[in-house]
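Visitor: quick one: sequence plus predicted model below, questions after.
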Amino acid sequence: MQNKGFVRVFAILLTLVCLFYLSFSFVTNKYNKEAVLYANGDPSKESFYLDSLASKKVWLGYTLKQCREMEVTLGLDLKGGMNVILELNVPDVIRSLAGSNAENPNFNKALDLAYARQASSQKDFIDLFVEEYKKLDPGAPLSAIFGTMELKDRISLQSTDAQVITVLREETKSAIDNSFNVLRTRIDRFGVVSPNIQRLEAAGRILVELPGVKEPERVRKLLQGSANLEFWETYDLVDIYQPLVAADETLARILKPNTATDTTSVATDDTTSEADLLAQTDSATAEGDSLLAQLGDTGSDVAGENLSAEEYAKEHPLFAKLQLNMYQNQGSYNLVPGAVVGYAQKSDMDQVMEYLNMPQIKSILPRDLIFKWAVKSMDDEGRFFELYAIKDASRNGKPALGGDVVTNAVADFSQQQIGRAENQVSMTMNAEGAKAWARLTKDNIGNSVAIVLDGLVYSAPRVNDEITGGRSQITGQFSTEEAKDLANVLKSGKMAASVNIVQEDVVGPSLGQEAINAGVISFVIALVLLMVYMCAMYGIVPGMIANGALLLNIFFIMGILASFQSVLTLPGIAGMVLTLGMAVDANVLIYERTKEELRSGKALPKAIADGYGNAFSAIFDSNLTSIITGIVLFVFGTGPIRGFATTLIIGLLASFLTAVFLTRLVYEGLLAKDKLKNVTFTTSLSKNFLTNPTINFLGMRKIGYVIPLVIIILGGISLMTVGLNRGIDFTGGRNYVVRFDQDVQTDEIRASLDGVFTDASVGVISIGTANQVRVSTNYRIAENAPEIDAEIESKMYEGLKPYLPADTTLEQFSTQNILSSQKVGPSMAEDIRNAAFIAVIVAMFFMALYILIRFRDVAFSIGAFASVAVTTFCIIAFYSLLWKILPFSMEVDQTFIAAILTVIGYAINDTVVVFDRIRETIQNYPKRDRYQVINDALNSTLSRTFNTTFSTLIVVLCIFLLGGATIRSFTFAILLGVVVGTYCTLFIATPVAYEIQKRKIAKKSGVLAKA
């Protein structure tokens, strides 16, 4: 083998990289277990524990926070939690930009028509709106609608439609950015371990993943709540310093009787405080890691006392948690003027607010003083946050000025001096706001005005002069991104855009654990069976070498997933297991070719070398076609489907390395040491199995055409009468998995629920076990109010009461009996349908195109396309014929489309191997009769076809039987695809290619080929 040195070096480097990235998962797993023990079932304590250790260096110089960012995380389907896709209401943005012109009837009609078209169009909403508006009023310029006072600096009556559209797009993007930032801030403060939020490709959509959430209703309200922008007056620290000192002293007196051993908590029970528990687990509450020590000062210096950190915490419980905003000058401490009271560690923020909100403390402080935290941390690690002193001048809890008066905000630059520009934010207000702003700034010259969104302070600029005219510049030490973020925050006040949940999945922790168990069990059993099968068919030594490649393949998959910080989902595990079956194919191809070379009389070293060489093109082509399928899946899929595609692609690439190159290095090493004397690549079981078959496949091609044709015709009739069991991915709706204490009948459950959902459809199927059902309904699916989910759960509770224990409450039903829930809105369902259709067409097109490019013969391309098309139609036919008969869900949803695409890749894989042998034989014997060439190719690859199909079936059967109810329909489609795809390779793809080639040959020679 050439380039052996390069292969060795590459394999060693890849192994080291995989070990490096996988090590982080082992480290974080250790601390996660400690956090679970400490939390004792309380997610907020678990988050507190991990946050407190976030900056601690725990492995190779990396902090725990960095380690957690680099680990392989489990998907929500495996560990439980909530997955939500939110969509910005773009029509609301457009309506708010129109101002008073939003009452125009043509404008509103165009919005409604564009919204109706959006579900079935690939264009964005702004393009659709413009088209509809121009149809209703062809001569009206867009500037007539959007040339408002608020946008006068950007849109005039002379502005072209293109210029107006540009502004609309910029404002929509700004609204999306602000929604993203607001959601990210809310989620960061929600107290969830390892949340994830990211923008999606679809305009205006945001993905939010919250592991371990047990209050989905609270999350819905949190995510869909409108953002409230406010301007508040502030106190100067100098003015409230003495009351704060008095509060600290009072707090010390209050806590002393209850704190014999620790005064850092207001808890009065006998349980160990958080500080003690953290100290027992090597936490950050040790003296050297205290807030005072980390900031480089000690409380004793400020107070003029000689106290340890522990003693200081007892004497000054407030200031031990909240470091006042001071600076040191010539040995003395001075207060920093401004609205910032001080700063605290993230883990202490709740404790500080608890102290400050105690009635005894509030009575000491000014009545109009309230406290709000800064939205961003002071440091890059996210450990310290500033606390602001806000003045409630009206004493009614309302801000001095609402954010709805802001008409525009732009991040730009201020020219401070020649050659130097600083980031600033320019803000404009409407006429009403300008008057109020002038009064507010006049009354607060020299003080700060806090800009607050969602109760958090984004900025508190100092007022230098009275600001009239409604135009202001906010300057400061902003980065460019910070200036943009602040501008977006300010603009959020005028944006009346709502954010709606268009897709939602909630998985309970018990269901997640069951999914982990099912995935691991199916994986292990499939791996063991594959290993046994390879040894049984090819002997102990070849079998174990192939098995070693499989294990190395798994290691590489996990290591590469870790390096990408990928999320491992149940479909991802299924992809890994399926990859094992496809990885075996490369070894089978090599071993079958080696057996042929041995039968032709070659010596073992030569036979192995030729076996690898002759099998290479088939392995390369089949892997590449499967990778193309994986890429299509990744591009058009969402969520778990992408996880499946990622694992599949990585697995195929890893299998190519392990099966083609690394196993050959092993064989060459063993041959050099003369340790393969008795290796024949056969056993007593396989020695004479399909050795020289002489089946006339082409002679049976007409019967071969008829069987799938009959299945497709029956399926077509079934589609017109029975149809497919379309999942909510394609129809829109809600799914709930409900578990009972006893077995139930689905018909009885459906009848009970029909009585409460009188104006909606209800479907009930068994899922997994007889005491577990999935309820599907489209009740009020087009509405987005957060309370609808609670209403549905209440209705289900009323309908299912007869099947629940007598003392079961609604809360118990929602948290214990409902294991998971899923929602897909109508617009999302339409997008999924369109993406699924496009994905299948694109995959089939690229398969045919690759075959055409690779084999340079349109006959092969048409044969391959016909094979995958027939395979696809047969699977769809079976799903229509069987979904009311088989005892498990056979829904057509995203996972079904993923299965179809996987089958297309597998079927092409099989077809390519046969076509590769035909091409090789034609090159070696160009004058041999084509009928004989194709029959010989089919027979010579029959052993490989059987072994690959059987090994893949073993794997897929393991997933089907043991992988859990949630992916049973997915694996059943692949199971059908393996069988039907193999059949179509033998009786559709190759015969169709022969028919076309026969006619081409006949045309050239003028003689009919053999029939």
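Guide: That came in fine, so what should we check first?
Visitor: flag the shaky bits of the stretch 801-950 of the chain, pLDDT-wise.
Guide: 827 (pLDDT under 70).
Visitor: show me where the stretch 101-250 of the chain has its helices.
Guide: 105-118, 125-136, 143-146, 161-188, 216-224, 237-255 (DSSP state H, counting those that start in this stretch).
Visitor: name the residues of the last one that are buried.
Guide: Read that as helix 237-255. For helix 237-255, burial by neighbour count (16 or more other Cβ atoms under 10 Å) applies to Leu237, Ile240, Leu244, Val245, Ala247, Asp248, Thr250, Leu251, Ala252, Ile254, Leu255. Every C-beta, even on glycine, is put in place using the N, C-alpha and C of the backbone.
Visitor: show residues contacting that helix.
Guide: 263, 266, 314-319, 324-325, 335-342, 355-356, 358, 360-361, 364-366, 369, 389 (Cβ atoms under 8 Å, 6 or more residues apart in numbering).
Visitor: in helices only, show me the residues you listed.
Guide: Among these, the members found in helices (DSSP state H) are Lys314, Glu315, Pro317, Leu318, Phe319, Tyr355, Leu356, Gln360, Ile361.
Visitor: and for the fifth one, the neighbour number?
Guide: The local packing count at Phe319 equals 23, with neighbours defined by other Cβ atoms under 10 Å.
Visitor: for the second one, same thing?
Guide: Residue crowding around Glu315 was assessed by other Cβ under 10 Å; the count is 18.
Visitor: if I look at the closest residue to it other than its chain neighbours, how far off is Ile875?
Guide: In space, Glu315 comes closest to Ala252 once its chain neighbours are excluded; the distance is 5.8 Å by Cβ to Cβ, 6 or more residues apart in numbering. Distance, Ala252 to Ile875, by Cβ to Cβ, to the nearest Å: 73 Å.
Visitor: likewise for Met847?
Guide: Distance from Met847 to Ile875, by Cβ to Cβ: 16 Å.
Visitor: same question, Leu698
Guide: With Cβ to Cβ as the criterion, Leu698 and Ile875 are 25 Å apart.
Visitor: burial count for the closest residue to Met378 other than its chain neighbours?
Guide: Spatial nearest neighbour of Met378, chain neighbours left out: Phe384 (4.5 Å); criterion: Cβ to Cβ, 6+ apart. Neighbourhood size, Phe384 [other Cβ under 10 Å]: 20.
Visitor: and if you look at Gln923?
Guide: Neighbours of Gln923 (other Cβ under 10 Å): 8.
Visitor: you'd agree it is in a helix?
Guide: Yes. Under DSSP: H, G, I helix; E, B strand; the rest coil, Gln923 falls within a helix.
Visitor: correct me if wrong: Ile165 contacts Leu128.
Guide: No. Counting by Cβ atoms under 8 Å, Ile165 stays clear of Leu128, with 12.0 Å between them.
Visitor: return the helix or strand in this protein with minimum mean pLDDT.
Guide: helix 274-280 (a mean of 36; mean pLDDT, DSSP states H and E).
Visitor: low pLDDT regions in the stretch 101-250 of the chain?
Guide: 119-122, 191-194, 201-203, 226.
Visitor: if we go to 90?
Guide: 101-104, 112, 114-127, 137-140, 143-144, 146-159, 167, 169-230 (pLDDT under 90).
Visitor: Leu624: how many residues sit nearby?
Guide: For Leu624, using other Cβ under 10 Å, the count is 17.
Visitor: continuing past the helix or strand hosting it, what's the next helix or strand?
Guide: Using DSSP states H and E, Leu624 maps to helix 604-636. Remark: after helix 604-636, the chain's next helix or strand is helix 640-656, criterion DSSP H and E.
Visitor: which residues are contacting the helix or strand just after that following helix?
Guide: Sequence order places helix 663-672 as the next helix or strand after helix 640-656, per DSSP H and E. Contact partners of helix 663-672, identified using Cβ under 8 Å, 6+ apart, comprise 1, 4, 7-8, 541, 545-546, 548-549, 587, 590, 604-605, 608, 612, 676.
Visitor: just the buried residues of these.
Guide: Neighbour counting with 16+ other Cβ under 10 Å marks Val7, Val541, Ile545, Ala546, Ala549, Asn587, Ile590, Leu604, Ile608, Tyr612, Leu676 as buried within these.
Visitor: looking at those residues, which is nearest Lys57?
Guide: Proximity of the buried ones among the contacts of helix 663-672 to Lys57 (Cβ to Cβ) peaks at Val7, which lies at 36.4 Å.
Visitor: turn the buried ones among the contacts of helix 663-672 into CSV, columns for secondary structure and pLDDT.
Guide: Formatted as CSV, those follow (DSSP: H, G, I helix; E, B strand; the rest coil; pLDDT from 0 to 100):
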residue, secondary structure, pLDDT
Val7, helix, 91
Val541, helix, 93
Ile545, helix, 94
Ala546, helix, 93
Ala549, helix, 93
Asn587, helix, 89
Ile590, helix, 92
Leu604, helix, 93
Ile608, helix, 94
Tyr612, helix, 93
Leu676, coil, 86
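Visitor: quick check: pLDDT value at the closest residue to Thr73 other than its chain neighbours.
Guide: Nearest residue to Thr73 in three dimensions, chain neighbours excluded: Val567, at 5.2 Å (Cβ to Cβ, 6+ apart). Looking at Val567, its pLDDT stands at 78.
Visitor: right, and Val567 touches Glu71 too?
Guide: No. Applying Cβ under 8 Å, one finds Val567 not in contact with Glu71, separated by 10.4 Å.
Visitor: just the buried residues of the helix or strand where Asp910 lies, please?
Guide: Following DSSP H and E, one finds Asp910 within helix 894-924. In terms of neighbour count (16+ other Cβ under 10 Å), helix 894-924 has its buried residues at 894-922.
Visitor: show me the strands in the stretch 301-450 of the chain, by range?
Guide: Using DSSP state E, counting those that start in this stretch, the strands of the stretch 301-450 of the chain run over residues 323-324, 326-329, 332-335, 340-345, 369-377, 384-391, 401-402, 406-417, 420-429, 449-453.
Visitor: relative to Leu719, which of these is closest?
Guide: strand 449-453 (52.2 Å).
Visitor: each with direction, which strands does the closest one pair with?
Guide: Using DSSP bridges, strand 449-453 pairs in its sheet with strand 229-234 (antiparallel), strand 456-459 (antiparallel).
Visitor: what's the angle from the helix or strand just after the shortest one to strand 406-417?
Guide: If I follow you right, that is strand 456-459. Tracing the chain past strand 456-459, the next element assigned as helix or strand by DSSP H and E is strand 471-475. Strand 471-475 and strand 406-417 are oriented at 50 degrees to each other (axes from the mean of the first three to the mean of the last three Cα atoms, to 10 degrees).
Visitor: report the rounded mean pLDDT for strand 471-475.
Guide: Per-residue scores along strand 471-475 average to 87.
Visitor: for Gly963, give its distance to Val956.
Guide: The gap separating Gly963 from Val956 is 9 Å, by Cβ to Cβ.
Visitor: which residues are in contact with both of the two?
Guide: Common neighbours of Gly963 and Val956 (Cβ under 8 Å, 6+ apart) are Thr971.
Visitor: the helix or strand where Ile94 lies to helix 105-118, inter-axis angle?
Guide: Using DSSP H and E, Ile94 falls within helix 90-98. Per the same axes, to 10 degrees, the angle that helix 90-98 makes with helix 105-118 is 160 degrees.
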